[in-house]
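J.: next one to model:
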Amino acid sequence: MTRTAYDAVAHSYAELLRDELSHKPLDRRLLDTFADMVSAWGGTRVLDAGCGPGRVSEYLHGHGLTTVGIDVSATMIDIARRDYPALQFDVGSILDVNLAGGSVEGVVAWYSIIHTPPKLLTVVFAEFWRVLAPGGLLLLSFQVGDERVRIEHAYGHAVAYDVYRLSPEEISDKLCANGFQVEVRVLRAPTGSELQPQAYVVARK
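T.: Numbering: from 1, shown residues only. Purely as a prediction, here's the structure:
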């Protein structure tokens, strides 16, 4: 369902959000800080989990990191490969990441866990733990709340998929239960067309 929806909206999504980070200084600073934290202990390789059309991968690449992007939408991956041919992008799921254990020093899940039913987040976090090297960092972003929202129109297209708004406290608890240590937690008010507060969590393996 989510894969089909994002295949349908991929081109509109990529065009509408291409410059989104330029309008969100706090989001940029959080990505900058994450890149600095990964680099500070010698890390270079980062998984962009749920990379969409690749804009976050390209941003982190610009900060000296080697990125590998995965997404369930083959159309999103095609766009990412077209727009950022120097970077690596593969079709893949955050529920079953096709990378060796301990093979990356960072994982970014930029609004990609919002389509995963909360009961499956422990599976996702276990996969992030597995692919991270000891001491590796995880950055999550998501919309704050405690509800499932059915989306039937997005980016100019009729679609059918669910978005889960999540509790920062519960996400932190799930991360700790999977062995992570939460180091940073940031909340910000909605801006622009956003309806919900936004949350960012940085955790270390």
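
J.: longest strand in the chain, please.
T.: Across the chain, the strand with the greatest residue count (assigned by DSSP state E) is strand 132-143.

J.: rounded mean pLDDT for it, please.
T.: Regarding strand 132-143, the rounded mean pLDDT is 97.

J.: from the contact counts, what lies against it?
T.: In this structure, strand 132-143 packs against helix 25-40, strand 104-110, strand 157-165, helix 168-177, strand 198-204, with contacts taken as 3 or more CB pairs under 8 Å, 6 or more residues apart in numbering; DSSP states H and E. For the C-beta atoms, the positions are set from N, CA and C on the backbone; glycine is no exception.

J.: so for it, what gets flagged as buried?
T.: Residues 132-133, 136-143 are the ones in strand 132-143 that count as buried (16 or more other CB atoms under 10 Å).

J.: just put the helices and strands packed on strand 132-143 in a markdown table and tack on mean pLDDT, distance to residue 116 and mean neighbour count.
T.: Output for the helices and strands packed on strand 132-143, formatted as a markdown table (pLDDT from 0 to 100; distance: least, CB to CB, whole Å; neighbours: other CB atoms under 10 Å):
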| stretch | mean pLDDT | distance to residue 116 | mean neighbour count |
| --- | --- | --- | --- |
| helix 25-40 | 95 | 21 | 16 |
| strand 104-110 | 98 | 9 | 26 |
| strand 157-165 | 65 | 7 | 16 |
| helix 168-177 | 97 | 11 | 15 |
| strand 198-204 | 97 | 15 | 21 |
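
J.: nearest to residue 148, out of these?
T.: Of all the helices and strands packed on strand 132-143, strand 157-165 sits nearest to residue 148, with 5.4 Å by CB to CB.

J.: and the furthest pair within the buried residues of strand 132-143?
T.: Maximum pairwise distance among these (CB to CB): 29.3 Å, between 133 and 143.

J.: thanks a lot, catch you later.
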